[in-house]
Every structure is written in C-alpha cells, then in structure tokens.
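*Asks:* fold the following.
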Amino acid sequence: MKYTINLIWIFLTPIFIAISCSKDNSTPTPNPPTGIVETNLIKLEEALNNSNTDFVNLINKIRGSVGTNGSGSKVIWSKKNDYKLGLFLSANHVYGINTWPSLNEEFIDITANNNGIFLGSKIPSANGNVSLSNELSANFGLYHPLIPSNATNTTILPKDDFYLGIIDNQRIIDNGFGNYPNFVQTSIPLQMYDPNNRTRAAQTWSVVEANQIVIAIGYPQDKATYPNGAVSAGKVYSDTEADNIIQSLKVKGDAEGDIPYNPEVEFLANTDAIAGMSGGGVFNENGQLLGVMVRATKLNNEPVLRVVRITYIEQKMNTFYNTLSLSNKNKIRPFISGELN
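*Replies:* Numbering: from 1, shown residues only. The predicted model follows:
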C-alpha cells in the first residue's frame, strides 16, 4: 500500500498513517523546560486555561503573531523594520506557487506593485481577544526563493516552501467578496497583539536544538473544532533520529520518505499538526521563532512534523539581498532592515 503524505493545509480531513516507529528509545527525553507543557493538539482557548501559569504566559506571548492565510496559516516574524509593519512567513504551497509573477527567486516592490489580498487573511485583535473576528487584514507577498519549474503545491520541497510577506493596518469586514487593499500603507506601525514586544525583541528568532521542547501554533481548517487556532508541543528530533525516521517512512511506502532529510533546511519534531496549520510558527520557551510548519505525517501514531528552519530562511534572505543592485536594495530594505545581517 502506498501511503500519502500531508501538506498540512491540503485536506479538509487530514489523513495520517500509522507505521513503524524509528524513535530512538535509548535517548532519554528531557524534562520540559519552564514555560512549555508537552501536549497533543488542543484548542487555543484550552491552552490559555492550562494550570501552568508559565505555559499560559508563553502562549500569550506568541499567539498574536500567528494568523490565518487563505486556507493555511502565517506567522509574523518581526516588526523590526523601518515602518514597524509585520514581516511574516508562510508556506509557498499556501500562497500558491503560480500566484507569483515568476518562479525565479525574486522580491516584489510592493510600493510600486500592489499584490495585496484580504481573502482568508486574519490576525488576532490588538486587544488580545481570543476569538478571531470577521475582520480581514491586508497581506502583501514580498520575497520567495527559487521554485523549481516541476514543483507543484503538493510536491514542493521544504527548501523552497516558504515566502516572506508584509502585513499593514488595512482592514475590511469579511463580506465574502474578493476585495483588494490599496498599496501597502507605511505611515502607521502595525497594530497587533504583542504584549511582550516579541516582534521587536533584540533576537526574534533562535537556533533550534535537538531534544528541546517546542510549541507549534496554527489555524486548522476544522473551524468547528478549532475556531480560534490550535496549539501542540513536543520534542525536536536529533538529525540522526530525523534521518532514521525518513528512512523508515520510505521503507513503509509513505511518500514523505521520498524527500530526504536536509538538516541545513529543516528539523523534525514530535509535534501534532493538521490541515490548515501549514505556514504557522514553531517557537521555543522564550517565544523566539524557530521555523515554519510545512509538512506532516505519522509514524506508529507518533506525529512527525517538518519545519523549515528560520536560520535557513534568514540566510536565504540575506544572501539574496546581497546580490541586489543598490536601487533594488533600497526598495526592499525598509521592510526587512531589522533582520538583515
């Protein structure tokens, strides 16, 4: 039997397959650090009612940074830019690879080209209300890496499956019609729920470490069960464990096993995710962004989540920026200035 991998957003009812486990049981799992409680996928509102105060405080620190993005999710990486707008990350397969003008690595001069959309784009209210309102926020695609010509939204590899975008303060009430925003508005900093100024911290991201406990937040397509988002937490697999897991998936016929593990690009975590959570964020105990969720499956009923490392994304962005002409640097720099090397 051929098993099917889930790109997390694709199926309204996610299909996860139970197959033989390759976890190294000889490696003890460390106690969760203060602030993170290991949990299966739970409603965001249930996470906020957890008895562990440190866990609740951490959820509040990061939840305002994660929103919906079409049928998937997005995560605001940083507001450390000239305009203090939201520099967000999501998955290319959520945006739709053919939505871009070109598959070549590129940035969009969003001050001169209006590619903004409202449809399906929401972030939590700036007042911290847990329930998402019917207010849509404007999204603008800013940068994507090279997308191979043979890639599709279901086959795109983790190394190519991310993009950067900008959120400003333009809002409309969702009326079911395809309304579009004006050109990106740069005069007012993004108003968002960020009680600890996570998006303006000296270090908004961090290097992931094997065996650390991490927390994932996204917005499942199952709105009836998860109307306000979902949270899960689990252990990061070591590179050796991750490679063994992928090999085991290949032996069992899971299509995920056909994508070799790339430790420079991604990490694997024992963290639940379901349809709609692609593009959502994975964080450490300090609320620093570690990466973006892109693919998921199960191995012997244990979740296997593939996450594109923020360190890889940051390196790709900086390398691309350094290839630009001075005039083009001046066009994109104001939106990414605080995260440039």
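
*Asks:* quick check: Met293 touching Met277?
*Replies:* Yes: counting by CB atoms under 8 Å, Met293 touches Met277, with 5.5 Å between them. (Glycine included, C-beta is placed from N, CA and C.)

*Asks:* neighbour count: the two, which is higher?
*Replies:* Met277 (31 against 28; other CB atoms under 10 Å).

*Asks:* residues contacting that one?
*Replies:* 8-9, 72-73, 216, 218-220, 230, 293, 296 (CB atoms under 8 Å, 6 or more residues apart in numbering).

*Asks:* cool, Ala269 as well?
*Replies:* Ala269 neighbours (CB under 8 Å, 6+ apart): 214, 216, 234-237, 282, 303, 305, 307.

*Asks:* among these, who's most crowded?
*Replies:* Result: Val282 is most packed of those (other CB under 10 Å), 30 neighbours.

*Asks:* so it touches Gln288, yeah?
*Replies:* No: the pair Val282 / Gln288 is not scored as a contact, 10.2 Å apart, by CB under 8 Å.

*Asks:* which neighbours do the two have in common?
*Replies:* Common contacts of Val282 and Gln288 (CB under 8 Å, 6+ apart): none found.

*Asks:* one step back: reformat the contacts of Met277 as CSV; add pLDDT, distance to Leu44 and secondary structure.
*Replies:* Shown next, in CSV, are the contacts of Met277 (pLDDT from 0 to 100; distance: CB to CB, whole Å; DSSP: H, G, I helix; E, B strand; the rest coil):
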residue, pLDDT, distance to Leu44, secondary structure
Ile8, 49, 17, coil
Trp9, 40, 18, coil
Gly72, 97, 16, strand
Ser73, 98, 12, strand
Ala216, 97, 12, strand
Gly218, 98, 10, strand
Tyr219, 98, 9, coil
Pro220, 97, 10, coil
Ala230, 97, 6, strand
Met293, 98, 15, strand
Ala296, 94, 18, strand
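
*Asks:* ok, the residues you listed vs Ser51, which is closest?
*Replies:* Distance to Ser51, by CB to CB, is smallest for Ala230 among the contacts of Met277, at 19.1 Å.

*Asks:* can you report how many residues lie near the closest one?
*Replies:* Neighbour tally, Ala230, other CB under 10 Å: 27.

*Asks:* list the buried residues in stretch 230-250.
*Replies:* Residues of stretch 230-250 classed as buried: 230-238, 241-246, 248-249 (neighbour count, 16 or more other CB atoms under 10 Å).
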